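Q: Sharing a model that was predicted from the sequence below.
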Amino acid sequence: MSCDHPDLLPLEEALQRLWEALPAPALAELRAERDDPATARASMDGVALRSAEGSAPRRLLGTLFAGDDPAAFTVLPGTAVRIMTGAALPKGADAIVPVEQLDVEGDSVRPLILAEAGDHVRPQGVQARAGDLLLPGGTPLNAARRALMAQEGRALPLGARIRVAVASTGNELVAHPAPYQIRDSNGPMLAALAQALGAEVELRPSLPDDPPTLAHALREPGNIRILLTSGGVSMGEHDHLPAVLKDLGATLLFHKIRLKPGKPMLAALLGDLLVLGLPGNPVSAYINAQLFLPVALARLEGRAFPDPWRRTRLDAPVKHKGDRPLLHPCRLVEGRLEPLHGKGSADLVTLAQADACAWIEPGGAQEGAKVRYLPVV
Ligand code: AMP
Ligand code: MG
């Protein structure tokens, strides 16, 4: 049995704490600048006509494209105007008959259907009226809301990418390892993950387990918003990061969470700098980075709280006797999770061969159980 403290911080609470500790750029209240649409518009390519005239042939006066001034034509009885999607409806017309439902011969057109007033027309103001509240202040930003801001003449400049530096810690990390040393695998992994999440990333040389050197790296981080470290946050005699952060007066957001692997996870604020202190073991570092980094980036960019989880069924049972939720490496086979025989938090081989990490509650999960999982990216 595991000897975890039952009061370890649950993952969701740690994520929420991180979210709330970071400032979000606030979206100002957005009101409609004008009616949307500002004139009645065609929603199909076809012919604009007077519906009351039924299927009688009409004489075509010309064509209106999106962006044309509709004042060029007035649709009098017996006439019609070719019209393209997005063009303003000309005076006199009240319906559009789509191209597919027309019989055209020279400059004469005959509808093959009986149009009704309003067919394929977006009426003026159907989406919003000038002055309507479209988005209340403080709404998280996303691409759709950026589009609406642009539509209302309030386009936002694309924000700069969040600058993230990655620095592993550990005296054992060298480029040409003796049998008792290793290469830095966390650094490249975390840098790739941060880049895939849209950050501007700098992969720095690893730091030694030396408090003054660590303190210097934290005190003078350079022009970055987030420092991703790995290692040095557990209980070993060389795990200096928590004490160094404390000495520097950092605000600790949390240290140690209810998760296996990845319990030693730490997050702290040093002034404006967010330090995500990931555990050193590669699987722990990977999982925590995949959970915490998207939350930090989304918050700082003003986006909504991200949900990285997907759900499907397990192809085989997973035993789990511990009292922390387990993230277990699996292959995805025909949409179902096939558990792998991972050798724990240092087992980068199994992680690299996995497609997903499945969330297993204490007590384990049965074959066929529906579980949530993180895709391995
Ligand atoms: P630590 O939390 O610093 O005690 O590290 C836990 C384990 O992860 C140790 O076996 C370390 O050698 C290993 N480790 C730490 N940093 C890295 C890294 N950057 N790449 C690969 N393994 C690491
Ligand atoms: Mg270490």
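A: Received it, and whenever you're ready, just let me know what you need. Ligands and ions are numbered 1, 2, ... in the order given.
Q: Only C-alpha atoms from now on, for both contacts and neighbour counts.
A: Noted.
Q: How about E152: what's its closest non-neighbour residue?
A: Excluding its sequence neighbours, the residue lying closest to E152 (Cα to Cα, 6 or more residues apart in numbering) is E33, at 5.6 Å.
Q: Flag every residue of the stretch 101-250 of the chain that's near ligand 2.
A: Contact residues, the stretch 101-250 of the chain versus ligand 2 (Cα under 5 Å from the ion): 170, 231-232.
Q: if we take those, which one ends up nearest to E334?
A: Taking Cα to Cα as the measure, E334 sits nearest to G231 out of these, at 36.0 Å.
Q: Could you double-check that that closest one lies in contact with V283?
A: No. Counting by Cα atoms under 8 Å, G231 sits too far from V283 to count as a contact (11.8 Å).
Q: How is the residue nearest to the spatial centre of the chain assigned, secondary-structure-wise?
A: Nearest to the mean C-alpha position of the chain, by Cα atoms, centre = their mean, lies P306 at 5.7 Å. Secondary structure, DSSP: H, G, I helix; E, B strand; the rest coil: P306 is coil.
Q: host element of L337?
A: Using DSSP states H and E, L337 falls within strand 336-339.
Q: Contacts made by that strand with the rest, please.
A: Residues from elsewhere that reach strand 336-339 (Cα atoms under 8 Å, 6 or more residues apart in numbering): 312-318, 328-332, 356, 358.
Q: can you check stretch 254-268 too?
A: With Cα under 8 Å, 6+ apart as the test, stretch 254-268 has contacts from 8-11, 14, 18, 233-234, 242, 245, 250-253, 274-279, 283-285, 287-288, 324-327, 344-345.
Q: CA atoms only: put it into PDB for me.
A: Extracted as PDB, the C-alpha positions of stretch 254-268 are listed here (Å, rounded to 0.1, in the frame of the first residue of the first chain):
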ATOM      1  CA  PHE A 254       1.600  24.600  -4.500                       C
ATOM      2  CA  HIS A 255       4.100  21.900  -4.000                       C
ATOM      3  CA  LYS A 256       3.100  18.200  -4.200                       C
ATOM      4  CA  ILE A 257      -0.100  17.100  -5.800                       C
ATOM      5  CA  ARG A 258      -2.300  13.900  -5.600                       C
ATOM      6  CA  LEU A 259      -1.000  12.300  -8.800                       C
ATOM      7  CA  LYS A 260       1.000   9.300  -9.800                       C
ATOM      8  CA  PRO A 261       3.500   9.800 -11.300                       C
ATOM      9  CA  GLY A 262       4.200  13.500 -10.700                       C
ATOM     10  CA  LYS A 263       3.600  14.100  -7.000                       C
ATOM     11  CA  PRO A 264       6.500  16.600  -6.400                       C
ATOM     12  CA  MET A 265       5.100  19.100  -8.900                       C
ATOM     13  CA  LEU A 266       5.700  22.700  -7.800                       C
ATOM     14  CA  ALA A 267       4.400  26.100  -9.100                       C
ATOM     15  CA  ALA A 268       5.500  29.500  -7.800                       C
END
